[in-house]
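*Asks:* Kindly generate the corresponding structure for this input.
(chains A and B)
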Amino acid sequence: GAVVSQHPSWVICKSGTSVKIECRSLDFQATTMFWYRQFPKQSLMLMATSNEGSKATYEQGVEKDKFLINHASLTLSTLTVTSAHPEDSSFYICSATPAHRGAEAFFGQGTRLTVV
Amino acid sequence: KQEVTQIPAALSVPEGENLVLNCSFTDSAIYNLQWFRQDPGKGLTSLLLIQSSQREQTSGRLNASLDKSSGRSTLYIAASQPGDSATYLCAVPPSGTYKYIFGTGTRLKVLA
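*Replies:* Numbering: from 1, shown residues only, chains lettered A, B, ... in the order given. Prediction:
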């Protein structure tokens, strides 16, 4: 099956610093990847769509200047949380869909971000 | 706008019981429906994927059905075990997009 790898699996950072999270499709190319966010005891909410070679599209209410997304290659998307604050502490997870698997999504392992 | 709801929100049962988890969605124009399992503090494990043209899928003790016209899916877990304890999420990608809309989740606890 298709594999999506996310790194790091957890990270602790100080308020005001930036954190980069990587999402890689290991055995397929993905022109589109998706970033989700999950607060404790809540479901996953879509943050943005990462488009290879073009700007990401953000869901309503998501600050694009705070959550920078770069999709520089067909196998890598990065999410950078800039000037992190404690309220950014959350579980971030990415997904990608191989072209030959219809609309079936494959998810990364997720990244737990704690901002102190 | 697609909305996905899961009932019940939480469920606690003794080991060995057969369970039914419910998922409903408001817009029937979907590519497929996926059921996931999430253990505390962990990522998602895909359990079953039902294409929009299918009625059900089975994997081991799990069976998922889809009634697209009524906007409903059920996940049936047979002979539940303590290891089944987790949060179960259903998710649908609306037709024309690969971005998933997740349900609210059902937190399942199976008691030994």
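
*Asks:* out of everything not next to it in sequence, what's closest to the residue nearest the centre of chain A?
*Replies:* The centre of chain A sits closest to residue A:35, judged by C-alpha atoms, centre = their mean, with a distance of 3.7 Å. Spatially, and ignoring its direct neighbours in sequence, residue A:35 is nearest to residue A:47 (4.6 Å; C-beta to C-beta, 6 or more residues apart in numbering or on different chains). In short, each C-beta sits where N, CA and C put it, glycine included.

*Asks:* could you measure that neighbour against residue B:76, distance?
*Replies:* Distance of residue A:47 to residue B:76, given as C-beta to C-beta, to the nearest Å: 32 Å.

*Asks:* I'd assumed the residue nearest to residue A:35 was in a strand, is it?
*Replies:* Yes. Assessed with DSSP: H, G, I helix; E, B strand; the rest coil, residue A:47 lies in a strand.

*Asks:* Tell me the confidence at it?
*Replies:* Note on residue A:47: pLDDT of 96.

*Asks:* That one: neighbouring residues, count only.
*Replies:* If you count neighbours by other C-beta atoms under 10 Å in any protein chain shown, residue A:47 ends up with 24.

*Asks:* Can you verify my assumption that it contacts residue A:64?
*Replies:* No. Using C-beta atoms under 8 Å, residue A:47 makes no contact with residue A:64, being 9.8 Å away.

*Asks:* Between those two, which contacts overlap?
*Replies:* Contact criterion C-beta atoms under 8 Å, 6 or more residues apart in numbering or on different chains; residues shared by residue A:47 and residue A:64: residue A:58.
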